[in-house]
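Chemist: one predicted model, sequence on top.
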Protein chains: 2
Amino acid sequence: MTRKEFRDLATPDEARAAIDSLALEGGIERVPLENARGRVLVARLDAELDVPGFDRASLDGYALRARDTFGADEADPARLAVVGEVHAGAEPDVALEAGQAAEISTGAVMPDGADAMVPVERTDTDGGGDEVLVRTAVAPGDNVMFAGADVAAGERALGPGTTITPRDIGLLSALGIDEVPVRAKPRVGIVSTGDELVRPGDDLESERGEIYDVNSYTIAAGVEDAGGEAVLYPHAGDEQDEMEGILRTAADECDLVLSSGSTSASAVDVIYRVIDEQGELLLHGVSIKPGKPMLIGRLDDSAYVGLPGYPVSAMMVFRTFVAPAIREAAGRPEPASATVSGRLARQERYEEGRHRLMPVGVVTDGDGETLVYPVDKGSGATTSLADADGVVEVGPETDYLEAGESVTVTLFSPDVRPPTLFGVGEDDPTVSRVLDGLERPRYLSVGSRPGLRRLREGVPDVAVVAGPLDRDIEADEIGRWDREWGLVVRAGNPDEIEGLDDLVDRDLRFVNRTTDSGLRSSLGASIADVAEKRGTDRHEIVDAVDGFDLGLRAHESPARKVIAGDADAGLGLRETADRLDLGFVSLGEQPVRVLANPDRTGKEGVRELETVLADAASAKR
Amino acid sequence: MTRKEFRDLATPDEARAAIDSLALEGGIERVPLENARGRVLVARLDAELDVPGFDRASLDGYALRARDTFGADEADPARLAVVGEVHAGAEPDVALEAGQAAEISTGAVMPDGADAMVPVERTDTDGGGDEVLVRTAVAPGDNVMFAGADVAAGERALGPGTTITPRDIGLLSALGIDEVPVRAKPRVGIVSTGDELVRPGDDLESERGEIYDVNSYTIAAGVEDAGGEAVLYPHAGDEQDEMEGILRTAADECDLVLSSGSTSASAVDVIYRVIDEQGELLLHGVSIKPGKPMLIGRLDDSAYVGLPGYPVSAMMVFRTFVAPAIREAAGRPEPASATVSGRLARQERYEEGRHRLMPVGVVTDGDGETLVYPVDKGSGATTSLADADGVVEVGPETDYLEAGESVTVTLFSPDVRPPTLFGVGEDDPTVSRVLDGLERPRYLSVGSRPGLRRLREGVPDVAVVAGPLDRDIEADEIGRWDREWGLVVRAGNPDEIEGLDDLVDRDLRFVNRTTDSGLRSSLGASIADVAEKRGTDRHEIVDAVDGFDLGLRAHESPARKVIAGDADAGLGLRETADRLDLGFVSLGEQPVRVLANPDRTGKEGVRELETVLADAASAKR
């Protein structure tokens, strides 16, 4: 089988043009007024009636003939006979003649013969209520809202293309309109592919390489954000007949079909074949990073776009190419694009001449200026975007961006507000709890060592470092506590493990943490003690511990290996062992330090963190 | 009965504090992941598993031991035995030893013994596929995403208070989470009051002073915009027992009850009594304009706010005081407030020392600067807000704002984009159609004369003027056409009306347009002709026409009076008569001119209008 991909990559503009050539419009539907908010009107609505539909009293008071008040003032009020009363919602049963007035409530119909009204505050009653003294002169029309003064019958009320706001709903209500013709939301079918994908909520068999389906739900949320209606289709395996069946069902029921999910070449091949042989293939492969493997075409009466398999790529391609087309079809205006300018925190080099969409985070430095840093956990990562605030676009001709260079970030949405505090470092339960007390913090659990390195490089506000500090660092310690670390073992410690010596001497399976972790530093020191005590080399001790080299990144992962029966002991915290109802063999306490960039100690988020840390410390005491 | 209102008006800050003291929170609910977008997390979510859950191949290629590739390059590839194959979604059935490799697909589980992989592009097969030649050296870990590298078990995933974005949904999916605990939307009951109110869609009896209920739907849309759930309660009359019953039902079912709708003093009194006697009254009357009559209190376990009856007042009070409280309760961040600065187009004077919320429109002038003009159709108007872009707040100490003074407009939402074209003038069907061809035009049908006046004052871009131009005006004519005007009569003209003479000489009921209308100017000229022909005074002719003084604002209203049987003839257009299947007696043609402010002829919206007008004119020919 031959595929056109990679032979002849399309430019981003060509991809945009190809998507624009697909008709995604979902037609017209009529919705009740109460569901019309945010929908887009397809036709002009003219007023079919006058609003108000009658000459209306604007205040509580007296309807009268203006002529009868000429010359009246506080000193010399006009005296009129009160001949009736008109309430809101009632038809007047009086008609006024010269010298007469009628009591009238706000919103009531002006009686025949009256051409103005006087508010009750400018009147007094007399003659047992049979007469009214009017202490002011009024002109014809005063305090009366004439029929049609608000909206007149035949007037253009709302034009086609109007996105209906609550204010427009007010206007439509006033016109008595209880149903409006709006653009139907484009129906977007999402076909998830790949044998390895499991729906969230179902059980995962990691040993088989199963992973949760990230793209389907993420893209569905993106579709709804853009004004479309997302329809999730059941997981499609990599078998061609099954895939074709699902794609055709989706094409039949939707205006646009997106396939997404699999990174496997065979799944992609199968989809490629279905579209190429059964539909029409417009474009395959775009010179963009991330996002190269993109497919644009038609199947039956539906448009089709194949998204890359990796979640970050899929979402970036969706945002850049597909979401604007859905918005266009939904009649939604492009969202007010919020941008932020800032200095790039570090040099970035680009190896390939592809248009690049670089997810970035932003952080405010000590001078209130914006620093922009790339967020990249590798192409398979799912969380990069949750840790990012927006995107910097870099053209294919750019080989590198210098540190300090000014760049413009398009925020993911105008509502994105950068974190108040940016922390990095050790993964620690106390840190998690402390962060809960802050508004919009961002914390990346990169481990103590990388945290320290990043703090030195000047991007984050604070680093959390556990274990011994092996060298001086220019930073302000704004918080510190101790945590008990050791070996997490099975509940009740059935193997009767007492310490590191057991791991060295007995046939026990151990699970370690990576060298990034502060726990690992403390373990290293203890191992050195054991070696010294035994008068041997550190390496011999390490080699004797089965699993010492298996370093896991997460602070709970070793404990979970113990629960799963894959290990007898794991490096961890007493707090973790307690929380997971496991046994624990203490190996000591280690300090956890919160270190702040000295330039940022005045920053509000840092000061708040300091306060919360102080509160937490005093609560412990 | 005594009411506290107006004796002791609260300040806006006191009103805010009173609303803040009401607890509107709706508690916690669990929603499926697919409905989680935009909801607010109430608890921290930690990762319960590693993502990925296994060491994962990042590319298609070969899993191997890095050590076996040391020194390999294009010239001297490493030769390894291919001992198996691992697919995504399958458990590896091989374990590698030194010198061995396994074919592996993107996303598949790394087999035991392998510590790196090489992409297929850097390999060749040999020995009938039994061997692979590796043309590059790799280090341990290359092209492998280790278990937990994306998210590690125990790691803090999302903090409390997070508003869930599609990107967060990606993260939650990856963690297998299919349900999340979020803040319940505060339930807001809306009780519509006032005997004169009719639901949109139902029949209206204007002669009884009935009007459509504007507030209920408008406020409901505002509630949903703010993140609440709106519940509409059936129309409540002004009878105390009925009102109390409905308010109590709403209080029982909702976190907040809003009453709204009526401007009638008796309906307001009844509500006041219910809250004051049965609940708790915190505040009555706020020193703000519009919005003074506002009620804040509690009823049973619910918060209660009584909104003013006039729609514009109700919406402004809702926006200013209630919406922020609903957002707060929903855990929604304040929307990024979009503001625009501009020069005030005309002087504004304030008579009372109240905090003022002034609805304004904005328009770009010829120099690209923003002009801000107040939108005010009077307190009973429903459409003011649909014609406005935002609000200028003016403190109670300010007596007036000068024309040209710089003011800041808070847009109704960050999505509000000011109109591309601002036109005023004659209401005309051709104008309506032309506007349909433009994006985001604003057109106020104020009539020809006021339109001309406003154009002279320099606010709108264009004015549409029908009929004779009585004096020179400095403006560029960018479009012109003729329209046929005359008398709209019953279908088939059963009264055999032939012209104005019939209205003068016979007992026929006529309906006129206001003097603002261009039609009225042409009628005036014809009346003068009739007078001259008869050798009499113009006033005599006018007095002889029954209904000459009854001038309606809307171009279709006279025709509608004819349909309703309230008149025998009405001033109108042939187009209107044709559209409504009525008879027509032509009295002539009159020009309609589109006049542009000479400073704005270069403005894009004006140029677009000119193009659309030219297209419409050539289509007619």
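Modeler: Yes, it's here.
Chemist: now the helices: where do they sit in the stretch 1-150 of chain A?
Modeler: Secondary structure of the stretch 1-150 of chain A (DSSP state H, counting those that start in this stretch): helices located at A:12-20.
Chemist: with the stretch 201-350 of chain A instead?
Modeler: Using DSSP H, counting those that start in this stretch, helices in the stretch 201-350 of chain A cover A:215-225, A:240-253, A:265-278, A:311-317, A:323-330.
Chemist: redo those helices as a markdown table? Include distance to chain B, mean pLDDT and mean neighbour count.
Modeler: Where you see a C-beta, it was placed from the backbone N, CA and C, and this is true even at glycine. Shown next, in a markdown table, are those (distance: least, C-beta to the nearest C-beta, whole Å; pLDDT from 0 to 100; neighbours: other C-beta atoms under 10 Å in any protein chain shown):
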| stretch | distance to chain B | mean pLDDT | mean neighbour count |
| --- | --- | --- | --- |
| helix A:215-225 | 4 | 93 | 27 |
| helix A:240-253 | 15 | 91 | 18 |
| helix A:265-278 | 5 | 82 | 20 |
| helix A:311-317 | 6 | 89 | 28 |
| helix A:323-330 | 10 | 92 | 22 |
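Chemist: could you dump those helices to CSV with distance to residue A:350?
Modeler: Shown next, in CSV, are the helices of the stretch 201-350 of chain A (distance: least, C-beta to C-beta, whole Å):
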stretch, distance to residue A:350
helix A:215-225, 25
helix A:240-253, 35
helix A:265-278, 25
helix A:311-317, 15
helix A:323-330, 24
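Chemist: among these, which is nearest residue B:175?
Modeler: helix A:215-225 (11.4 Å; C-beta to C-beta).
Chemist: and the closest one, what other elements does it pack with?
Modeler: Contacts defined by 3 or more C-beta pairs under 8 Å, 6 or more residues apart in numbering or on different chains; DSSP states H and E place helix A:215-225 against strand A:187-193, strand A:229-236, strand A:256-260, helix A:311-317, helix A:323-330, helix B:166-174.
Chemist: residues making contact with that helix?
Modeler: A:188, A:190, A:192, A:199-200, A:229-230, A:232, A:258, A:260-261, A:307, A:309, A:311, A:314-315, A:318-319, A:323, A:326, A:413, B:33-34, B:36-37, B:165-167, B:169-170, B:172-173 (C-beta atoms under 8 Å, 6 or more residues apart in numbering or on different chains).
Chemist: enumerate the residues of the stretch 401-550 of chain A near chain B.
Modeler: A:412-415, A:417, A:427, A:429, A:431-432, A:435-436, A:438-441, A:443, A:445 (C-beta under 8 Å from any C-beta of the partner chain).
Chemist: sorry, wrong one. I was asking about the stretch 1-150 of chain A.
Modeler: A:33-34, A:36-37, A:44, A:46-47, A:49-54, A:56, A:58, A:60, A:86-91, A:105-109, A:145-150.
Chemist: pLDDT wise, what is residue A:4 at?
Modeler: Looking at residue A:4, its pLDDT is 42.
Chemist: cool, and the one 5 residues further on?
Modeler: pLDDT for residue A:9: 86.
Chemist: residue A:378 now?
Modeler: Predicted confidence (pLDDT) for residue A:378: 69.
Chemist: equivalent analysis for residue A:399, please.
Modeler: 88.
Chemist: same thing with residue A:382?
Modeler: As predicted, residue A:382 sits at a pLDDT of 74.
Chemist: and it, how far from residue A:432?
Modeler: 20 Å (C-beta to C-beta, to the nearest Å).
Chemist: same check on residue A:351?
Modeler: 37 Å.
Chemist: those two: which is more packed in?
Modeler: Set side by side, residue A:351 and residue A:432 show more neighbours around residue A:432, with 18 against 8, by other C-beta atoms under 10 Å in any protein chain shown.
Chemist: pretty sure that one sits in a helix.
Modeler: Yes: under DSSP: H, G, I helix; E, B strand; the rest coil, residue A:432 sits within a helix.
Chemist: quick one: contacts for it?
Modeler: Taking C-beta under 8 Å, 6+ apart, we find residue A:432 in contact with B:44, B:46, B:156.
Chemist: how long is stretch A:190-197 end to end?
Modeler: End-to-end distance of stretch A:190-197 (C-alpha to C-alpha, to the nearest Å): 14 Å.
Chemist: typo on my end, stretch A:282-297
Modeler: Per C-alpha to C-alpha, stretch A:282-297 runs 5 Å from first to last residue.
Chemist: now do stretch A:328-341
Modeler: End residues of stretch A:328-341 are separated by 27 Å (C-alpha to C-alpha).
Chemist: run through who's touching that stretch.
Modeler: So stretch A:328-341 is in contact with A:20, A:23-26, A:40, A:42, A:161, A:163, A:183, A:185-186, A:226-228, A:255-256, A:324, A:327, A:362, A:370, A:372, A:389-390, A:406-411, A:413-414, A:416, A:418, B:336, B:338, B:414-415, B:417, going by C-beta under 8 Å, 6+ apart.
Chemist: give me the buried entries from the residues you listed.
Modeler: With burial judged by 16 or more other C-beta atoms under 10 Å in any protein chain shown, the buried subset of these is A:24, A:26, A:40, A:42, A:161, A:163, A:183, A:185-186, A:226-228, A:255-256, A:324, A:327, A:362, A:370, A:372, A:389-390, A:407, A:409-411, A:413-414, A:416, A:418, B:338, B:414-415, B:417.
Chemist: now, those that are in strands?
Modeler: Of the positions in these, A:183, A:256, A:362, A:370, A:372, A:390, A:407, A:409-411 sit in strands, assigned by DSSP state E.
Chemist: so where's the stretch 501-621 of chain A shaky on pLDDT?
Modeler: For the stretch 501-621 of chain A, residues meeting the criterion pLDDT under 70 lie at A:620-621.
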